[in-house]
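Participant: Got a predicted structure here, sequence first:
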Amino acid sequence: MMPSVSDEAICVRHWDWSETSQTVSLMTREHGLLRCLAKGSKRDRSAFSGGVELCTVGELHAIIKPSTELALLTSWDLIDPMPMVRRTSERFNACMYAIDLIPRMIQDHDPHAEVYEALHTTLSTIGGVEPCERGLPVLAVLAWFQWALLAATGSKPELTVDVRTGDELVEASVYGFSTAYGGITSDPGAEADSQLFRVRARTIEVLRTLDHGAGWEGLLGHSVGELERCGRLLGVTLSSILGHESPSFRWVYSD
């Protein structure tokens with residue numbers, strides 16, 4: 001008997017397999033990231049709620065086949081279509097960036113319940129706040145989500161000691177943020193290079209707020225500029241870890 005899986009999941013990627021079928025990547029609550037073949041998912045009256053769409057939440061049933069990397073998705077019962085995610089380009093771009101990071105940072109079948117919850121909160125919040133433009137709610141949620149993803153994968157930046165010397169961090173108005181060392185240094189140098197960025201103390205304060213366990217609501221006291229700089233810095237950190245920039249990063253943090 002091949003093992004079967006039932007779990008709540010969010011669709012983070014999909015591709016057409018044929019005129020009637022799809023391949024999908026689903027971030028599950030308990031089983032990590034599953035890549036599945038959904039045969040006949042686009043047929044009328046199929047067991048897939050009319051097909052599996054990005055950012056939607058559903059209850060999946062799948063069969064794990066040891067002989068292939070793709071599980072066989074046998075049904076997808078839609079729980080939340082997240083319709084407001086697609087209402088504006090700002091909402092859509094922010095959510096596309098969040099889901100795009102999941103298969104880049106999370107390995108298949110590696111459970112991360114905290115990442116699932118963070119992604120669900122991110123999508124439902126961005127899809128629910130009014131107004132949802134390039135203002136505080138979206139930027140706060142994305143900064144919080146990126147920090148949660150880095151923390152869950154053991155990659156969050158070091159904020160308490162100088163990452164270059166190992167000494168206690170000297171408080172300053174401007175720090176150096178090293179992607180190579182994964183944290184901040186008291187001496188940013190005269191100029192930033194490709195792996196060392198000059199970062200304002202207020203940006204580091206936002207990161208420390210996140211490090212102390214604040215939810216996204218705890219960031220609303222910071223300005224739009226501070227949250228954007230923080231989110232951009234976390235995105236650069238993720239890009240350094242991945243070795244490339246997520247294409248959707250520029251949709252949110254454009255120059």
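Facilitator: Perfect, I can see it now.
Participant: helices or strands up against the strand ranked longest in the chain?
Facilitator: Secondary structure of the chain per DSSP state E: the longest strand is strand 4-16. In terms of contacts (3 or more Cβ pairs under 8 Å, 6 or more residues apart in numbering; DSSP states H and E), strand 4-16 is packed against strand 22-28, strand 33-38, strand 57-63, helix 89-105, helix 113-126. To be clear about C-beta, it is placed using only N, CA and C from the backbone, and glycine gets the same treatment.
Participant: Counting neighbours, what do you get for the closest residue to Phe249 other than its chain neighbours?
Facilitator: Setting aside the residues directly before and after it, Phe249 is nearest to Gly235 in space (Cβ to Cβ, 6 or more residues apart in numbering), at 5.1 Å. By other Cβ atoms under 10 Å, 22 other residues sit near Gly235.
Participant: Provide the backbone phi and psi angles at Gly235.
Facilitator: phi -60, psi -40 (degrees, to the nearest 10).
Participant: And for Asp211?
Facilitator: The phi/psi pair for Asp211 (degrees, to the nearest 10) reads phi -70, psi -30.
Participant: Could you check the pLDDT of Cys132?
Facilitator: Per-residue confidence (pLDDT) for Cys132: 56.
Participant: ok so, going back, run me through the strand neighbours of the longest strand of the chain, direction for each.
Facilitator: The pairing partners recorded for strand 4-16 under DSSP bridges are strand 22-28 (antiparallel), strand 57-63 (antiparallel).
Participant: got the contact list for the residue nearest to the spatial centre of the chain?
Facilitator: Closest to where the C-alpha atoms of the chain average out (Cα atoms, centre = their mean) is Ala98, at 3.7 Å. Ala98 is in contact with Leu119, Thr122, Leu123, Ile126, Leu142, Phe145, counting by Cβ atoms under 8 Å, 6 or more residues apart in numbering.
Participant: where does the stretch 151-255 of the chain have low pLDDT?
Facilitator: Scanning the stretch 151-255 of the chain for pLDDT under 70 picks out 189-194, 255.
Participant: how many other residues sit next to Ile114?
Facilitator: If you look again at residue 114, you'll see it is Glu, not Ile. Using other Cβ under 10 Å, Glu114 has 12 neighbouring residues.
Participant: I misspoke; the intended subject was Trp147.
Facilitator: Counted with other Cβ under 10 Å, Trp147 comes out at 25.
Participant: In a strand, it, correct?
Facilitator: No. Under DSSP: H, G, I helix; E, B strand; the rest coil, Trp147 falls outside any strand and is assigned helix.
Participant: That one touches Leu207, doesn't it?
Facilitator: Yes. With contact defined as Cβ atoms under 8 Å, Trp147 reaches Leu207; the gap is 7.4 Å.
Participant: which residues do those two both contact?
Facilitator: Shared contacts of Trp147 and Leu207, counting by Cβ under 8 Å, 6+ apart, come down to Leu234.
Participant: thinking again about what came up before, ok, and for the longest strand of the chain, which residues are buried?
Facilitator: Neighbour-count burial for strand 4-16 flags Val5, Asp7, Glu8, Ala9, Ile10, Cys11, Val12, Arg13, His14 (criterion: 16 or more other Cβ atoms under 10 Å).
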